[in-house]
Structure formats: structure tokens, C-alpha cells
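Participant: Predicted model follows, preceded by the sequence.
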Amino acid sequence: MAAPAQTKSAFPSPYEIATPPGCEGWEEMYPYYAVFDESRREADEGRFWFWNSMHFPVPMPAFDVACIDAPYQAVGEWQNRFFAVPPAMGIDYRIINGYVYISGNPVTDPAKIGERVEYFQRRAGYYFEHWDELYGKWKQKMEALIAEITDLPVPDLPEYEPDEVMLEDERNTAVYEVLAAYNRTLRCGDLMWQHHFELLLLGYGAYVTFHEFCKSSLPDIPDQHVAQMVAGIDVLLFKPSAELRRLAKLAIDSDVDGVFVEGRSPEEIDAELAESEAGRGWLEALERVKDPWFNMATGDGLYHYYRSWYDDPRIPYASIAGHVRALKEGEQVERPTEELARERDRLAEEYGALLDEEARTTFTELLGLSRMVFPYVEEHKFYCDYWFLTRWWNKVREFGALLARHGFLDGAEDVFQLGRHEVATALDELLLTWATGGKPLGPVYWPPIAARRKELLEKLAGWTPPPAIGATPEAITDPMSIMLWGVTTQRVQEWASADDGGGRLTGTAASPGVVEGHARVVIDVEQIAAVRDGDVLVCPITSPAWAPIFSSVKAVVTDIGGVMSHAAIVCREYGLPAVVGTGRATTEIKTGQMVRVDGSSGVVTILDA
Amino acid sequence: MSYTRPLAELRGADAAEFGGKSANLGELLAAGIPVPPGFAVSAHAFRAFVEETGLEGTIAAALSHASTGDIEAVGAASKSIGEAMRFAPLPDPVRAELAGSYDELQRTLGEERPPVAVRSSALGEDSQEASHAGQQESFLWVCGVEQVCDAVRDCWVSLYTPHAITYRADLGAAGSEPAMGVTVQLMVDAQVSGVMFTCNPVSGDPSMVALNASWGLGIAVVGGEVTPDDYLVSKVTGEVVRETVSTKPIEYVPDAAGRGTVRVAVAPERRDEPCVDEAELAALVEVARRVERHFGSHQDIEWAIARGKPLPDALLVLQARPVTTLPDLQPKLSASALSLVLDTFGASTETETRS
């Protein structure tokens, strides 16, 4: 990623990070390779590691480590072994006190870089040339995978096997079916992550190149305008919100809007709607919208905590209630797509006209390329992070329920306190003792482990991870760190000099405007309900899945993220001032504090520090 | 050959005789840009003045004693030429034309002794040269024929500042026969004024209007006597991309005595207030775009917003000149967009940075 500086690092050594009181032994939750091990101290202390709070803002439950291993296997596979991105291999990760730190592996040998250039040019060239066709196939692959994980049966363990075992050629016994189903569940997850990164690197790369070109030929162009020129008008990710707006209008038109009182639970609303014919009509309309649009998640999907709107309808219902209110106050809640399309083309034309002919040609070509790849950049999240992952976690819950039914866990949800290989071990013993009729040890072995780990996660959540550890890099050159995480040389320098206090944080100006308001620090989706109209949302990363609550917040501040993340784009779409990549907003700012967010300059000021 | 012409009659080609400032104002008026009315004095008028008052000999004699390395001698020459010019009467035909043009302005405005700004208008286009040659005089709030004649003569005197003499001497023969035009333009009692560029002169971004504004007449901004409010506005969307409001403790206003301007303190409650509002910014950016479109190049524009008048009439352009120095933007160009993308991944050999 970068050459370490020789002077003493501004960041703490990973080996000098203290364990929070009462959290001793947290390492046992994670694979042996996931920690800063004494045997590789010299190498690891000499590297620059940053907290990946964009994807992993809270301490990792043991099972969720699958969503570290699989994506980093996939990013390394595609970036390093398939596309052979010349200067960058894959990304290593380590866990400390439950938090995930990452560090890229650079390619430094010029001969090696030269060798990789040939691979990269040929393969990336092929992908860009066949993009639409490949993306079409990609969607088919993902839809098939989602159908498979949804339909995958997790058999129960019967007292006696059914006759079908002898009557049907394809029918296997329960022991085999459970093991096969668990194995297949894990493999579906692996495959999804492989699909996820197949197109993503190039998609981001094209967009970043256009962005860079705009910034070099139009140095003051707001990031928002670059995004607006590229952004799809009709992309998938806006559909769920659009459908909610339509449902709000339908509620008013069919005179059932009165049930959407703030503070009511979805169950209460459903119950009242079911009492009238108009209400039942509305519920039917809702059912039709659900597939596929309720496959949105309540947060970025890398934790099992984030459920789909199917499983946790609080966000869509709250959003419908908000739209009903807005509509009744005469607000236009429809997204003016034609207007947006016109504006997007007008921006492109006017900016193009400001450039000389040579630059205009490049501008137009890059814009075309960016527009071609951008649907993927935006839509892959819906397919992978939301639709697939929420169903995948639910499949894991089914195995949790199986274990809980046999006393191995206190509840299905506790399955996430076990690593995926531990779950396999528990299943092995369950199947062994179910088959033999012997007494399992699991019911006394696993529940205390799960209980201790839940306690650990709760305690670790109170610890504040430093934004970076290890050596201070002289420069960040890794294209992925810059593109995906917004971790630039400048950002690292800011982190290094960040301990000045003073109630002032700087980040990337992601969406223009200046507002003041009371901060609401939201670390995970459970806290979303606490968000009030006019709050300034302070979170690790603005997840587009939270978009519906954006209509009530005044501004958004995040710990990490660049202008590239879809999240930042949604913020701009909603016209909210946003400062992203502050590195420490959720730790410096306390809920209730008055803050000023300047989304034009990228400065957040705590006014009553 | 006439000594004066209404600004509205001038076009770019008249820069050779009336100077760039006057010619540009004529162009602006022709393009329908709001510019205060006025008239231009030709270089011919200056030459007639020098010839008919016999100043030619005085000037040549004074300069012959001043070798360029001798600061004292040059200063003495400058002083004696200036004095001689100030005591020399304007030739009657020149004076008569000036008076006639000023009267015409009075009649058009229906106003007695309207205040005017009298400024040098350097010949040709090169403002860089003009600034060296001292052709940057400006007399504000000048009222009545007598004062106008004096101010025109004072502009001419500025051709013989020590710096201008040295500069021309260094140029050799090319600088030997100085001359200039003068612009006489109705004064705007500015509530706010400033300068704007049709690009960001610092970054070179052509999609921005960079704007400085302060209370009162423009000299406070041009002379660097206040830190003005600073704006960067997108031409494409009209969005304010950057806004820095500064403390503006002083301003220039017309002297209550009716002659010249005075520097006064800004009332405390106005000092830290932004001096232009959203509507004014929008109107300014609109005018900047029109000026740029008319000239087909980036312009440096002086503007004012008149006191007590509503938009759009309140907004006036006082002068425009081409932006000559801009940072060289160096976007990466390449045979194809694809190779630029490959370059993002460190995998292209084709790209180059345009120099």
C-alpha cells in the first residue's frame, strides 16, 4: 500500500493496543489468522492499517467473520489473480478488540508490474468492451443464486426417516442433507462475493477516472455535479423509495392514510388496515411491491444485524408515514425523473462546452464509459448486499433454529456467536448424537460460549478504535484504498494530526450546504428509530439502505467514505449537506450536541464542545 | 478627426485610437450589457494638446537630461513635465469637444453637472504594458466641465511618471511616442462594488465565476484596502461553491462636498454582513456569462450595484478586460478514454499530460 516512514509513527502499534477491561480473551471469537500474532510482529508493525469502519463499524460477531473472509478472498481473487491490477494485489485484514483493520499488499517490483500490465489491459479491455452483455449475464447469475439460497431446504431431524429414502433415487438421509445444505449455504455466500467483485473494480475505476478528469480540467467542479452527470436516473436502488412514495399516495387516495400515525408499529398498522376493505386493498398493493423491493436492508448488509424490509418493516412504514404527511402538506414527493434527466444532460453539455475540443472528446468518452458502468456500481448493492445477504443470514438463522431446537443454543439468533466452522462442528455433533441416540455435549458446551461472546461484543462496542494503526505511510498509492475507502495521503495526514481536539473535524465535502443542528449518533440500525426530524445524522457510514430516514435528517456526517460511495450520492440526491470520511465523528460527537456541518468545505464543528 | 466619441459608438477596432478601455466599453454597450453612459477622448486629443501648446519641446528637453539609470534625474524630469502640462491650457477645439460631450451627457441624463469617472484608456490591448506605462489613472466623482478637463489632463500627465519614463526608455524607439485615450463615464453611486472573473483565476477552472465584493465604490477592492467578500459561483448551475465573508471596516463614498470620494468607516453592524445577496450574485453571474460570450474569452470585470435602485437596473459593468494570465490546466489526454481508465489502475503506457 505504501512505503512506511522511518520516523516514529503517528499511529499506535497494533501490538500496544490495550484490551478493554473485562474483554480479555476476545481473540477466541476469531480465526487464528485474524489477529495480530506475535510471530509476525515485525512485518505487521511496519505496515499501515486503517480501521475499515465503512464496512465493519461495530465489533464482529464470530459468524459474521464469513463476511470478512469471503469478500477479501474475492477482492484478492479478482484484483490480484484475475485482472492483475498492476500496482496492487489484495487486502489483508486483522481484527483487534473486535474491529477490522485492513492493509493492501502493493506490487513494488517494476518487472512484476510490467508483467501484470499485459494481463490487466487485455482482461479489463475485454470487460469494458462487453460490459452490457456481461452485466446482463451477471444479473442472471445473481438472480439464480438468490433463488437458490431462498429455496435451499434445511431439513429437520425426524424420529424416523421417511419412506422416500427407499423410494426415491435422489433422496438422501437427513444427516447428509443437513451437512450438504450447510455446506451449500456457505458456498452460496462465497459465490455471491466472487460475483460481487467481478465487475466492481472496473466499474469504480471508470467512474474515478471520469471524476479525476473533471477535477483536472474543471478544478472547482462540485463532486455533486460529476455524480449528477453520471448517475442513472432510473436505477434500481431508487425504486424501493419510489414504491413507498407510491404506496403513500395510494393510502391517501383510498382514504386509509389515517392509520399511519407516527410511533405506531407496523403490526398495529396492518391490524387496523385488515379491518376495512380499502385497508385490505392497500395491503394487497403492498404485497405486490414487496417482491423484490422489500429486499432492501435496514443497513449495509455486512452484518447479520441488518434485516430486510420484509423482516423489519419499521423503516418502510416510517417512510410511508413521512410521505403521507408530506403529501398532505402539499409537497411534491415524486422524484422528478424527467427533470433530473434533463438536468443531467444539460450539465454534461454545458461542462463539455467549457472545454477545448481535445479535452471535450476525452470528457465525452469518459462520461459515456462511466454511464455504461454506473448502473452496476449502484445496483450491485441491491443484488448482493441487500437482497442476497438478508436471505443468506436468514438461511443461517434456520440452522440456528435447528441447533436451538436441540438445545445446542438458547435461541436461533445465537448462531451468529459461533464461527462458521464452529457451527459446522456443532452440526456434526448434533447429527452424530441424533443418529446414535447418544447424549450430546453441545447443550452444555455452546450456550455459555455464546453468552460470553455476546457480553464481549457489548463491552467491545464501548471501545473507540483509532482510525489507523501501525506505520505512518508517506503516501497512499493503492487505487482501491483511494477509490473505495477515500483513504488518501491527505486523509492519513489529517488522522495523524487529529488529536488537537478543539471540536473541529475535517472530512471530504460530499454534498454542499451548511446547516446547524443537534447530532444523533447512530452506530447501527437499532438506533435508527431514535432519529428525530431535523437531527444531524452522525454515523460510521451513510448507508443507502437508510435513505428513507434521510428525508427527516438535516445533514449527514460519517467516519469514513469518499465521494464515490453510493451513500454519498444518495445524500446528494436528497440535497443534504454531508461531510464524509472524518475518521472520528462517531467518537468525537455525542448525541445531542449542537454541530455545524459545512458540506461545501468538509468541516464539522462541535458548537457546544 | 474628432477628439471625442460617445462610448456607445466605439468598437474593438477603435482601441488603437481611443484605448482598450473605451473600446471595450463600446463593445459591451453594443452587446446590450448595462454600462454607465459616457464618452471617450482619443489619443489624437492628447497629441493636439502636446503639439499646440508647444509642450513637445519642453518634454524633449526634460527627457534629454534624464538618463534612465538616474532615479533623481528621472524624477526631476517627470516633475517638470507634469508641471508644464498642468499649466498648459487645452487647445480650444479639444476643450470645446470635451465640453460638448459632457453637455450631451447632462442633457441625456437630465442632470446638472453629473459626476463622472475619468480614467486612462491605454492604447492597444496589452494591459500589462499599460500598467508599466502608468496608464492606470483614475479620477472619481468629477463634476462639471472644468473639473473634467483637469482630470483628462491629469490622466495625460500620468504618461510621464518616473516609472513610465523609465519603462519607455528601456523599450527604446518602440516606446518613444507615448499617447493614450481617456474614458469619461457616468459615476455610479455604488452601494456595493467589486471585481469578477469569468473563470477562477487561481485554479483556472473555466466553469466558475470568481467574485470579490465590498461596500461602496470599487477602489477599496481594486486598491486592496479591504479583504473583500469572496465568492466562487458555478456558471453551470449558479450554485455558490465557495463563500468567504470578511470584515469590511472601510468603504469609499462620494464626498458630501460633491467633489471626489472619501474613505469612511463602515457602520459596525454592516462590517461582517455579506455585501451581496443571492439575487445580486445570480445577476452578476448572468452578466459575467454574457460578457464572456460577447468577447469569446475570459474577462476581468469591474462592476457596481447602484445605491437605492432595484435589480436589474442597479447592476452596472464599469469595465471589462481580457484575462491574460491563467494557470495551465493539464488534464490527462489520451488516445482513448479506456487507456485513461487503465492508467487509474497503473496499467497504461499511452497517457500523457498535456503541457
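Facilitator: Received, thanks.
Participant: Wait, a helix at residue B:232?
Facilitator: No - under DSSP: H, G, I helix; E, B strand; the rest coil, residue B:232 sits outside any helix and is assigned strand.
Participant: Next, count neighbours for it.
Facilitator: Counted by other CB atoms under 10 Å in any protein chain shown, the residues lying close to residue B:232 total 21. (C-beta placed from N, C-alpha, C; glycine too.)
Participant: One more: residue A:281?
Facilitator: For residue A:281, the neighbour count with other CB under 10 Å is 14.
Participant: how far away is the residue nearest to it when sequence neighbours are not counted from chain B?
Facilitator: In space, and not counting its chain neighbours, residue A:281 is closest to residue A:254: 6.2 Å by CB to CB, 6 or more residues apart in numbering or on different chains. Between residue A:254 and chain B the computed distance is 39 Å (CB to the nearest CB, to the nearest Å).
Participant: wait, isn't residue A:254 in contact with residue A:283?
Facilitator: No - assessed by CB atoms under 8 Å, residue A:254 is found out of contact with residue A:283, at 10.8 Å.
Participant: I'd like to know how far the residue in chain B that chain A sits nearest to sits from residue A:203.
Facilitator: Per CB to the nearest CB, the residue of chain B with the smallest distance to chain A is residue B:337, at 3.4 Å. Per CB to CB, to the nearest Å, residue B:337 is found 14 Å from residue A:203.
Participant: can I assume residue A:587 sits in a helix?
Facilitator: Yes - counting by three-state DSSP, residue A:587 is part of a helix.
Participant: Distance from the chain centre to stretch A:102-118, please.
Facilitator: Here stretch A:102-118 shows a centroid-to-chain-centroid distance of 28 Å under the convention CA atoms, centre = their mean, to the nearest Å.
Participant: That one: which residues count as buried?
Facilitator: Judged by neighbour count (16 or more other CB atoms under 10 Å in any protein chain shown), stretch A:102-118 contains these buried residues: A:102, A:103, A:104, A:105, A:107, A:113, A:116, A:117.
Participant: With stretch B:242-254 instead?
Facilitator: Buried residues in stretch B:242-254 (16+ other CB under 10 Å): B:242, B:243, B:245, B:246, B:248, B:251, B:252, B:253, B:254.
Participant: Stretch A:215-235 too?
Facilitator: For stretch A:215-235, by 16+ other CB under 10 Å, it's A:216-233, A:235.
Participant: And stretch A:486-498, by the same measure?
Facilitator: Quick answer for stretch A:486-498 (16+ other CB under 10 Å): A:486, A:487, A:488, A:491, A:492, A:494, A:495, A:498.
Participant: Briefly note if the one helix or strand the fourth one maps to comes near chain B.
Facilitator: Take DSSP states H and E as the rule and residue A:491 turns out to sit in helix A:489-496. No - using CB under 8 Å from any CB of the partner chain, we find that helix A:489-496 stays clear of chain B, coming within 15.8 Å at best.
Participant: Can you name the element that comes right after that helix?
Facilitator: According to DSSP H and E, the helix or strand after helix A:489-496 is strand A:504-506.
Participant: and that next one, which strands flank it?
Facilitator: Applying DSSP bridges, strand A:504-506 is found paired with strand A:603-606 (antiparallel).
Participant: Which positions in the helix or strand hosting residue B:15 come out as buried?
Facilitator: Element membership of residue B:15, judged by DSSP H and E, is helix B:15-18. Buried residues in helix B:15-18, defined by neighbour count with 16+ other CB under 10 Å: B:15, B:17, B:18.
Participant: Give me the pLDDT for residue B:174.
Facilitator: At residue B:174, the pLDDT value in this model is 51.
Participant: Check residue B:32 too.
Facilitator: pLDDT, read off for residue B:32, is 93.
Participant: Now it. Nearest residue, chain neighbours left out?
Facilitator: residue B:290 (7.7 Å).
Participant: What about that neighbour, how many residues nearby?
Facilitator: Residue B:290: 17 neighbours (other CB under 10 Å).
Participant: Backbone torsions only: list them for it.
Facilitator: phi -70, psi -40 (degrees, to the nearest 10).
Participant: Next, the contact list for it, please.
Facilitator: By CB atoms under 8 Å, 6 or more residues apart in numbering or on different chains, the contact set of residue B:290 is B:31, B:32, B:33.
Participant: Apart from its neighbours in sequence, what residue is nearest the last one?
Facilitator: Leaving aside its chain neighbours, residue B:33 sits nearest to residue B:317 (5.4 Å; criterion: CB to CB, 6+ apart).
Participant: where's the one residue in chain A that gets nearest to chain B relative to residue B:207, distance?
Facilitator: Across chain A, no residue is closer to chain B than residue A:365, which sits at 3.4 Å (CB to the nearest CB). Taking CB to CB as the measure, residue A:365 falls 19 Å from residue B:207.
Participant: And the pLDDT for the closest residue to residue B:179 other than its chain neighbours?
Facilitator: Take residue B:179 and drop its neighbours on the chain: the residue closest to it by CB to CB, 6+ apart is residue B:43, 4.0 Å away. Predicted confidence (pLDDT) at residue B:43: the value is 93.
Participant: cool, residue B:237 as well?
Facilitator: 90.
Participant: give me the element it is part of.
Facilitator: Going by DSSP H and E, residue B:237 is not part of any helix or strand.
Participant: Show me what counts as buried in the helix or strand harbouring the residue nearest to residue B:33.
Facilitator: Per DSSP H and E, residue B:317 falls inside strand B:315-322. In terms of neighbour count (16+ other CB under 10 Å), strand B:315-322 has its buried residues at B:315, B:316, B:317, B:318, B:319, B:320, B:321, B:322.
Participant: Please provide the alpha-carbon coordinates for that strand, formatted as CSV.
Facilitator: Once non-C-alpha atoms are left out, strand B:315-322 reads as follows in CSV (Å, rounded to 0.1, in the frame of the first residue of the first chain):
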residue,chain,number,x,y,z
LEU,B,315,-26.2,46.4,-11.7
LEU,B,316,-23.6,48.0,-14.0
VAL,B,317,-20.4,47.0,-15.6
LEU,B,318,-17.7,49.6,-15.3
GLN,B,319,-15.1,48.0,-17.4
ALA,B,320,-14.0,44.6,-18.8
ARG,B,321,-10.7,43.4,-20.0
PRO,B,322,-9.3,40.1,-21.1
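Participant: how about the helices in the stretch 451-600 of chain A?
Facilitator: A:479-485, A:489-496, A:547-550, A:566-573, A:585-588 (DSSP state H, counting those that start in this stretch).
Participant: For those helices, which has the smallest mean pLDDT value?
Facilitator: The stretch with the lowest mean pLDDT among these is helix A:566-573, at a mean of 62.
Participant: Any regions of chain B where pLDDT drops low?
Facilitator: B:1, B:68, B:124-136, B:172-176, B:335, B:348-355 (pLDDT under 70).
Participant: Let me see the domain layout of it.
Facilitator: B:4-186, B:190-322, B:330-355 (automatic domain parsing).
Participant: Endpoints of the second one, how far apart?
Facilitator: So the one you mean is domain B:190-322. Using CA to CA, to the nearest Å, the end-to-end distance of domain B:190-322 comes out at 24 Å.
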